[in-house]
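> Take a look and give me a structure for this.
(one chain, ligands or ions: 1)
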Amino acid sequence: MPNEKFILPELGYDYSGLEPVFPAEALKIHHDKHHRGYVNNVNLNLEKFHEAEKHNDLTAMAHFMGLIKFNAGGHLIHSFFWENLAPQNKGGGEVVKKELFKAIEKDFQNFDKFVEAFNAQTIGVQGSGWGWLALNKFTKHLFITTSSNQDLLNQTSAIPLMCVDVWEHSYYIKYKNDRAQYVKDIWSIINWTKVEERFIKALK
Ligand code: MN3
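Now for the predicted structure:
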């Protein structure tokens, strides 16, 4: 059956809502141009894939599969990212000292060490990609990891809790080449209520 079209989700805040980390102009381009591009391209390539499938053309199918993987990743991860951010006047940056906080203190010694480790790994992503806080499904331990391009985390073992976009399009308008400052600043708009909610769900 032809797939339902995927659509660009609305942000839960205005384009100016994530200032000063994301100037309104930057967030508008990021959401309305970049994220929309992934949505449009995943829909387009799904159509092409289904067309190739009708002709049993496995070479074409493999080609479109690659494009689907990239653009689906872009759509899914951005949707996840927008939700783990919040305006500063709506709780953005306010650390929620509940279960996740306790788990962070257990797995990373303390919150500052966690931030330090997350920053180091995320700033160190080569080229374009993402920094992640995730939960290992089997051990229930938290871990920090990164992914390249629009790659999802390993679905077998990782439950993602929070991510940070370190593609240049995420920070270049305000920070130019200073990825390190952008990653240090993004803590002021992290939606810890959402991340806590994901953590509780992941533990079940
Ligand atoms: Mn992006």
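
> List the buried residues in stretch 11-28.
Neighbour-count burial for stretch 11-28 flags 11, 13, 15, 17, 18, 19, 21, 22, 26, 27 (criterion: 16 or more other CB atoms under 10 Å). C-betas here are computed from N, CA, C, even on glycine.

> Identify the spatial nearest neighbour of the second one, chain neighbours not counted.
Spatial nearest neighbour of residue 13, chain neighbours left out: residue 87 (5.1 Å); criterion: CB to CB, 6 or more residues apart in numbering.

> so that neighbour makes contact with residue 20?
No: using CB atoms under 8 Å, residue 87 is not in contact with residue 20, being 11.0 Å away.

> before we move on, the earlier item: quick one: residues contacting the residue nearest to residue 13.
13, 17, 18, 189 (CB atoms under 8 Å, 6 or more residues apart in numbering).

> show me the contacts for the last one.
Pointing back at residue 189 there. Contacts of residue 189 by CB under 8 Å, 6+ apart are 18, 21, 22, 85, 86, 87, 88, 92, 93.

> Tell me how far it lies from residue 98.
Remark: distance between residue 189 and residue 98 (CB to CB, to the nearest Å) = 19 Å.

> The third one now?
Taken as CB to CB, the spacing of residue 18 relative to residue 98 amounts to 23 Å.

> Please apply the same query to residue 109.
Distance from residue 109 to residue 98, by CB to CB: 18 Å.

> what are the phi and psi values for residue 191?
phi -90, psi 90 (degrees, to the nearest 10).

> The residue nearest to residue 146 when sequence neighbours are not counted: how many residues sit nearby?
Distances taken as CB to CB, 6+ apart put residue 125 closest to residue 146, at 4.9 Å, once the chain neighbours are dropped. Residues contacting residue 125 under the criterion other CB atoms under 10 Å number 18.

> Quick check: which element contains residue 125?
Assigned by DSSP states H and E, residue 125 belongs to no helix or strand.

> For this structure, what lies in contact range of the ion?
By CB under 5 Å from the ion, the part of the chain that sits against the ion consists of 165, 167, 170.

> rerun that using 6 Å as the cut-off
Proximity of the chain to the ion, by CB under 6 Å from the ion, involves residues 30, 34, 78, 165, 167, 169, 170.

> just checking, the third one touches residue 165?
Yes: Residue 78 is in contact with residue 165 according to CB under 8 Å; the separation is 7.4 Å.

> How about the backbone phi and psi for residue 10?
Dihedral angles for residue 10 - degrees, to the nearest 10 - are phi -80, psi 150.

> quick one: it and the ion, what's the gap?
Counting by CB to the ion, to the nearest Å, the gap from residue 10 to the ion is 16 Å.

> Which pLDDT value belongs to that residue?
Looking at residue 10, its pLDDT stands at 98.

> Please apply the same query to the one 4 residues further on.
Looking at residue 14, its pLDDT reads 98.

> So this structure: which segments form each domain?
The record's domain parsing of the chain by automatic domain parsing lists 24-83, 90-203.

> And the first one, how far out from the chain middle?
Okay, so that is domain 24-83. Relative to its chain's centre, domain 24-83 lies at 15 Å (CA atoms, centre = their mean, to the nearest Å).
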